[in-house]
Structures are given as structure tokens and as C-alpha cells.
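In: Need a 3D model of the sequence below.
(one chain, ligands or ions: 2)
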Amino acid sequence: MSFNVTTTEFKLSRLKELFPIADQEYLLDILIDCDGSLENAILLLDPTHDICGITNNEKTKRRHNQMSLTEYITNVTHFKDYDNKRLKLTDVYGSGSIFTATKNPIFLYTKQDIESTIKYCSYHTNVLPLELANRLLTNLMDDKDAKPNEFYLFGKDKKCISNHRTKVYVKDEEHLDKLDYSIGQEISKEKYSEYNFNEDLSLAQSLIEKIVRKAAQEMGMLKYQLAPNEWSPKAIVLNIYEKKEDHLDWHSDRLTYIGPHCTIASLTLGFSREFRIRKIYNGFYGKEDTPTQIYITKPVHNSLFIMHSGFQEEYKHCVNKIPEKTFRKMAKDELHPISGIKRVNLTYRHIRYDSDQVPTCPTCNKFSMILRRSFKKRETRGMYIWQCSSGYKSGNECNGILYARFDSEKLWTKDISKCSTWRADGDDIDVGYLT
Ligand SMILES: O=C(O)CCC(=O)C(=O)O
Ligand SMILES: [Fe+2]
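Out: Ligands and ions are numbered 1, 2, ... in the order given. The predicted structure is shown next:
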């Protein structure tokens, strides 16, 4: 019997050959997620796979050194039921603490693995018409106006320069001011390209807006979240990672202008780099100061990773360098056909607050404040606070803080009892632990 290579049956049998431990239904789901594209399904299941079907020894060896979530689960003896994963995996891994973090990062290869393991996110492939995605990549990857960011980390003497290039696109002039520190690093004004959404950027934005609103609706609302239908990004941050050393350190995005329970959509174009995620704190079973489990995703060209409400509050993310060893062993066909090892990223943010709603520090009377959510100590975890930005802007520490409140016009208070607070579902177990 000869197979017609376009049938679902053929595609499924090819997937089964390549991923024998996965069950048929699971593979069918992946194929449907990829609109029937066998190539994309293979890439989604294993981004290191050689599409021509020749998996060279090096790749096989490398894969054995890394653990996919599927393999990890198979090793967890009391976790045999692989159905209904969203609920179960969230129960098991969602709090980031029931199991001690494994020494090795865990790879999340598929939409299903990602969404069932990491709370408050969703992953979508083939989000733009391919021609549009390719054109955006071609036009953005060599943008000379994108520049490294400058910021202070540990005091005045340590001015840092980020390892990748950035630029901000804003829709209207009124949004020119609103992105300071949104990624924890200063974006200087010269890099704010004037409300320069060209046709391609506008079209991409409206398609992404639709996907995000629908996905946010499906996630369910959190306490301080903006209604999904009001989500309309007025600012896009362009990140270009062009050299293997380029990276973005662990961070949660600043909430100052985008507000609590914000939604940020991150579009990947070009080469598929590691986007790592880890919980910012250990829950009930974890010691507060022990590291949390690191998860590795590899968003593919033309995919959207949506950091939904709660993601910035609960997780940190980073974009990793390409390690020297990996780079040296990289086969030609692993490079992106348009951009080689360059990855372009566009993050879409809805700007919620105006500069005049952001308080000035009452201690130094000079610098504006940054909105953050406390997480380190169990006693204060969940409280939103305003913190003086002096450290980031000038390198001089200032300890000024105010409590944040989102139930009144004025977004701050000195009264701790009015402080807006949110703890994640399942995190309240810690409160019981304290009392
Ligand atoms: O490049 C990425 O995927 C992440 C970018 C990011 O985290 C940011 O701009 O805050
Ligand atoms: Fe970020």
C-alpha cells in the first residue's frame, strides 16, 4: 500500500515514527494546532529536529542531555495519567514547588506542554500570514535605529549596557513617554521612533490584537485585569538578538504604565532561541531562598507567546545566549532561512496609566516611582507597591516607597490597610501555613 503524503493518516504515521512515546490522539492534536503542517508539527515537538529526516548524532546526543517534559513525566512514577494535562500538570508544577526543582532545565516542546506547565500563558503558532511575517523579519532584523539599552544595576558605578538592540514603536505621540523601565532597563528617548507604525506593523498588530483578546477571554479574568476587549497595544518594543552572545537577563516586565495583571504578547520572528521561564518564588513546600525550576521553551518563527494576567506577577523570563558549544555544532539547516541566527522579537503592551497618575517619590521628591508586586517574603507577598526609580535612573539608591491601590483614581496610599494585594490561586496555602 502506498501512502498519499498529504493525508492526515500519512502525517500521523510519520509523527508516530519520530515520536514513538507520544500517543496518537496527542499527535493528532499537535497536527491540528499546526493547521495540518507536518513540518511545523515536527518542529513544535522537537525544535532541534532536522526536517529532512536525518537526525545527526550530535543532535541526538544533545537531546539526550536535555529532558523534555514528556520524558520527565514518564519518570515521575505516580503521574501516569497523561490525559487532561492542563489541570493535572498545573496542579503538579504550577506552584513551582511540589517537586524540588530538578538540576536540569525542563524543555517544554509543545503548546500543550507549555500551557499545562506554566500558568498564565498561552502559545500560538502561525499567527500571521507567512509572507507578512517574513517581510517583517526582513525589514526589522537590520534596523540600525535599534540600540542597546543603558541602565544601572548595583549603584552609580555600574552603568550597564544591554546585550541586544532595542527600539520602541508607539502609535501616537502621547505614548512617547510611557515606556521608561517597562522592561527594567532605560529606553532613551532617541530610540522612540515617532509613531511609526507602517502598514505591515499595523496589520500585524490588528491580527495579534484579535488573537490576544480571544485568548485572554478564554483564560478567565484576574482581580485587577483590564477587560480583554479593551486590550489595545499602543506600544511595541522591538528586540533584536543578532549575535550568539546577545541575550536578555532574567526579569519580570515593569508594571508602571501597563498596570497590574497586564497582558503582554511576544511575537517571535526568525531564529528560534531559548525563552526561559521560572517561578519568582518558592511556594509552600519550597524553601524561600532555593532556586525554582527553570523551563525552556523555543518559540518558533511567526509564533506568539502571550504572557497573560498574573504572568509578570508570578514568573520571570529571559532570553538565553546561544552557548558557544551549541553554536559550533549547529548545522546549517538549523539556521533560519531568512535571518540565520538572528531572532527578532516584538512585544505588544497596552498602556494603561498616564505619567501624571504615576507618583513622584515622597522621600527624594525627585524621581518617579516604579510599580512592583512584592513576592519575596510570605508575609508581604502579593502587595503592590510603588518604589523610587532613583536606583535605575541615577544609580543612587533611594528607599522611598508608597502602597499601590487600584480601587481609586489616585493609584497610591500611605495607608497599608488600603494596599491592593493579589495572591495566586494555590498560593494562599502559605497563609494557612503561617497561622
Ligand atoms: O525577546 C523576547 O522574547 C522577550 C523580550 C522581553 O522579555 C521584553 O522585551 O521584556
Ligand atoms: Fe520581558
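In: which residues touch the nearest residue to Asn320 once chain neighbours are set aside?
Out: Ranked by C-beta to C-beta, 6 or more residues apart in numbering and with sequence neighbours excluded, the top spatial neighbour of Asn320 is Glu274, at 4.1 Å. From N, CA and C alone the C-beta is placed, and that goes for glycine too. Glu274 makes contacts with Ile296, Thr297, Lys298, Val319, Asn320, as judged by C-beta atoms under 8 Å, 6 or more residues apart in numbering.
In: and of those, the nearest to ligand 1?
Out: Val319 (4.7 Å; C-beta to the nearest ligand atom).
In: Let me know the pLDDT of the closest residue to the closest one other than its chain neighbours.
Out: Spatial nearest neighbour of Val319, excluding adjacent residues (C-beta to C-beta, 6+ apart): Leu248 at 4.4 Å. Leu248 is assigned 86 on the pLDDT scale.
In: what do you get for Ser408?
Out: 93.
In: before we move on, what SS does it have?
Out: At Ser408 the chain is in coil, as set by DSSP: H, G, I helix; E, B strand; the rest coil.
In: re the thing from before, what count of nearby residues applies to the residue nearest to Val319?
Out: Leu248 has 23 neighbours, counted by other C-beta atoms under 10 Å.
In: Return the distance of the residue nearest to Asn320 relative to ligand 1.
Out: Glu274 sits 10 Å away from ligand 1, going by C-beta to the nearest ligand atom, to the nearest Å.
In: Out of the contacts of Glu274, flag the one nearest to Arg14.
Out: Distance to Arg14 across those (C-beta to C-beta) is lowest for Lys298, with 21.1 Å.
In: Can you pull the domain assignment for this protein?
Out: Following automatic domain parsing, the chain resolves into domains at 1-45, 124-349, 358-434.
In: gap between the closest residue to Pro233 other than its chain neighbours and Ala265?
Out: Leaving aside its sequence neighbours, Pro233 sits nearest to Tyr348 (C-beta to C-beta, 6+ apart; 3.8 Å). Distance, Tyr348 to Ala265, by C-beta to C-beta, to the nearest Å: 4 Å.
In: rewinding a little: any chance of the contacts of Glu274 in a markdown table, plus distance to ligand 1 and neighbour count?
Out: Formatted as a markdown table, the contacts of Glu274 follow (distance: C-beta to the nearest ligand atom, whole Å; neighbours: other C-beta atoms under 10 Å):
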| residue | distance to ligand 1 | neighbour count |
| --- | --- | --- |
| Ile296 | 13 | 20 |
| Thr297 | 10 | 26 |
| Lys298 | 11 | 21 |
| Val319 | 5 | 22 |
| Asn320 | 10 | 19 |
